[in-house]
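Student: Here you go, sequence then predicted model.
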Amino acid sequence: MPTVTCIDDLRRLSQKRIAKAIFDYVDRGSYAEATLNANRADLERLTLRQRVAVDVSQRSTRATMLGADVTMPVALAPTGLTGLNWADGEMLAARAAERFGVPFTLSTMSICSIEDVAGAVARPFWFQLYVMRDRGFAASLIERAKAAKCSALCLTLDLQVQGQRHQDIKNGLSVPPRLTARTLFDVLCKPSWTLNVLTGKRKSFGNLAGFLPEGGSLSTLSQWIAGQFDPTLSWKDVEWVKKLWGGKLILKGILDVEDAKLAAASGADALVVSNHGGRQLDGASSSIRALPEIAEAVGDRIEVLFDGGIRSGQDVLKALALGAKGTMIGRAFLYGLGAMGEAGVTRALEIIRAELDVTMALCGLSDVKRASPALLRAA
């Protein structure tokens, strides 16, 4: 077992183990990747205030997210193709999150289905919904999430039209992966990944069984997705989803304060400040830069969560200091999954919680729920 001290260690192990097309799908962003890079750069620019001679012998990272107790204010974000990083990956990640005491969010574009994941865990998980052109199919996904007793629905709003991800096109990414001479060579160089994925319960989008076309001329995942998502999506659809769902609703993809106000007025329970991990509008603000204004404008009316660039416990604390009540991680747990399966997801969570705990102590903070801007040094 290699020594793993940080999320970057897991990233390097994942890159060595899994097929390039799948790793690049996780790791890369849209167009010139300016927003992808800004998510990290702007977090790194924030400076924490070191405080001394403060009694921090009794510390707590426990918090609540959507009214539920969590061991730390971190949820696993919805991520597509998770089950191609490791066989049954969504089930493994959900189980790791459950045991650790944090929420797991299943993507519409998952490999394992809602029912697969529900059968793997004992506690409710969150389900992320894309509203597609076929509203009947979207309604059926909501009904399946209700039947699986999902505790929250996370409606993603920032994928009406897909931003181009150059590397996915160059890699010929499809589901199942399309074999070319280049991809065949890569697969042959990753035998442990290949054999592992072949043992998985599913090889294609589990939630889209019966909806995903068989075969056809669409060569890349991006091309197929582009034809499914609905550019007419509006706040009226949010109202429709909320009424049909009837439970706790999270709106993901909010980056502008005016949209945040509309989200708060919609009656949703939470919003996620997010730019889709730098995978959509390249040139948009980093999530951390957008967070303070949104939290100040609507934080008293709707729970504000944060997503975008988190790789450490320090990053989590910075987001909480700027007004987030909780955070989401995507790439960080996927690196762990790709590196070591369920154990890797657990290790990613352990790393982030340990870093959060130590950082709190060195900042003179005993309770994560009391994080405030006072933790940060003014620019």
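Tutor: Yep, that arrived.

Student: since we're on residue 79, how many residues are nearby?
Tutor: 26 (other C-beta atoms under 10 Å). Yep, even glycine has a C-beta here, placed from its N, CA and C like the rest.

Student: just how off-centre is stretch 194-208 within its chain?
Tutor: 20 Å (C-alpha atoms, centre = their mean, to the nearest Å).

Student: Alpha carbons only: can I get it in CSV?
Tutor: Output in CSV follows, covering the C-alpha atoms of stretch 194-208 (Å, rounded to 0.1, in the frame of the first residue of the first chain):
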residue,chain,number,x,y,z
THR,A,194,-9.6,-3.1,-17.6
LEU,A,195,-10.2,-6.3,-15.7
ASN,A,196,-11.7,-4.4,-12.8
VAL,A,197,-14.2,-2.5,-14.9
LEU,A,198,-15.2,-5.7,-16.7
THR,A,199,-16.3,-7.1,-13.3
GLY,A,200,-18.7,-4.2,-12.7
LYS,A,201,-22.5,-4.7,-12.5
ARG,A,202,-23.0,-2.2,-15.3
LYS,A,203,-20.8,-0.8,-18.2
SER,A,204,-23.2,2.0,-19.3
PHE,A,205,-25.5,4.6,-17.8
GLY,A,206,-27.6,2.7,-15.3
ASN,A,207,-30.2,5.4,-14.9
LEU,A,208,-30.7,5.8,-18.6
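
Student: Show me which positions of it end up buried.
Tutor: With burial defined by 16 or more other C-beta atoms under 10 Å, the residues of stretch 194-208 counted as buried are 196, 197, 200, 202, 205, 206, 207, 208.

Student: One more: stretch 235-253?
Tutor: Result for stretch 235-253 [16+ other C-beta under 10 Å]: buried residues 237-238, 240-242, 245, 247-253.

Student: Throw the residues you listed into TSV and include distance to residue 56 and secondary structure, thanks.
Tutor: Formatted as TSV, those follow (distance: C-beta to C-beta, whole Å; DSSP: H, G, I helix; E, B strand; the rest coil):
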residue	distance to residue 56	secondary structure
237	47	helix
238	42	helix
240	48	helix
241	43	helix
242	42	helix
245	41	helix
247	38	coil
248	33	strand
249	37	strand
250	32	strand
251	36	strand
252	34	strand
253	36	strand
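
Student: Considering these, which is situated nearest to residue 144?
Tutor: residue 245 (11.7 Å; C-beta to C-beta).

Student: Quick check: that closest one touching residue 143?
Tutor: No - between residue 245 and residue 143 there is no contact under C-beta atoms under 8 Å: 9.5 Å.

Student: Distance check, the residue lying closest to residue 320 once chain neighbours are set aside against residue 309.
Tutor: Distances taken as C-beta to C-beta, 6 or more residues apart in numbering place residue 371 nearest to residue 320, at 3.8 Å, with adjacent residues excluded. As judged by C-beta to C-beta, to the nearest Å, residue 371 and residue 309 stand 18 Å apart.

Student: re the thing from before, biggest separation within the buried residues of stretch 235-253, which pair?
Tutor: Pairwise distances across those (C-beta to C-beta) peak at 19.5 Å, for the pair 247 and 253.

Student: excluding its backbone neighbours, what's nearest residue 235?
Tutor: Nearest non-adjacent residue to residue 235 (C-beta to C-beta, 6+ apart): residue 262, at 6.0 Å.

Student: Which of the helices or strands spans the one you found?
Tutor: Element membership of residue 262, judged by DSSP states H and E, is helix 257-265.

Student: Surely residue 128 is within a helix?
Tutor: No - counting by DSSP: H, G, I helix; E, B strand; the rest coil, residue 128 is not found in a helix; it is strand.

Student: what comes up buried for the helix holding residue 262?
Tutor: In helix 257-265, counting by 16+ other C-beta under 10 Å, buried: 259, 260, 261, 262, 263, 264.

Student: avg pLDDT for that helix?
Tutor: Mean pLDDT, computed over helix 257-265, is 98.

Student: Check which helices and strands it sits against.
Tutor: Contacts defined by 3 or more C-beta pairs under 8 Å, 6 or more residues apart in numbering; DSSP states H and E place helix 257-265 against strand 248-254, strand 270-273, helix 287-298.

Student: tell me, what residue is most central in the chain?
Tutor: With distances taken as C-alpha atoms, centre = their mean, residue 77 lies nearest the centre of the chain, 2.4 Å away.

Student: residue contacts, it?
Tutor: By C-beta atoms under 8 Å, 6 or more residues apart in numbering, the contact list for residue 77 reads 105, 307, 328, 329, 330, 333.

Student: Got the phi and psi for it?
Tutor: phi -70, psi 160 (degrees, to the nearest 10).

Student: do the same with residue 74
Tutor: phi -140, psi 130.

Student: That one: what's it in contact with?
Tutor: Residue 74 touches 102, 310, 316, 326, 327, 328, 329, 349, 352, 353, counting by C-beta under 8 Å, 6+ apart.

Student: Can you tell me how far the fifth one is from residue 300?
Tutor: Residue 327 sits 19 Å away from residue 300 when distances are taken as C-beta to C-beta.

Student: Neighbour count: the two, which is higher?
Tutor: The neighbour count for residue 327 versus residue 300, taken as other C-beta under 10 Å, is higher for residue 327 (27 against 9).

Student: thought that one was touching residue 65?
Tutor: No - using C-beta under 8 Å, residue 327 is not in contact with residue 65, being 9.1 Å away.

Student: Next, show the common contact partners of these two.
Tutor: 73, 75, 305.

Student: Inside helices: which ones of those residues?
Tutor: If you go by DSSP state H, the shared contacts of residue 327 and residue 65 have nothing in helices.

Student: That's all I had, so thanks and see you.
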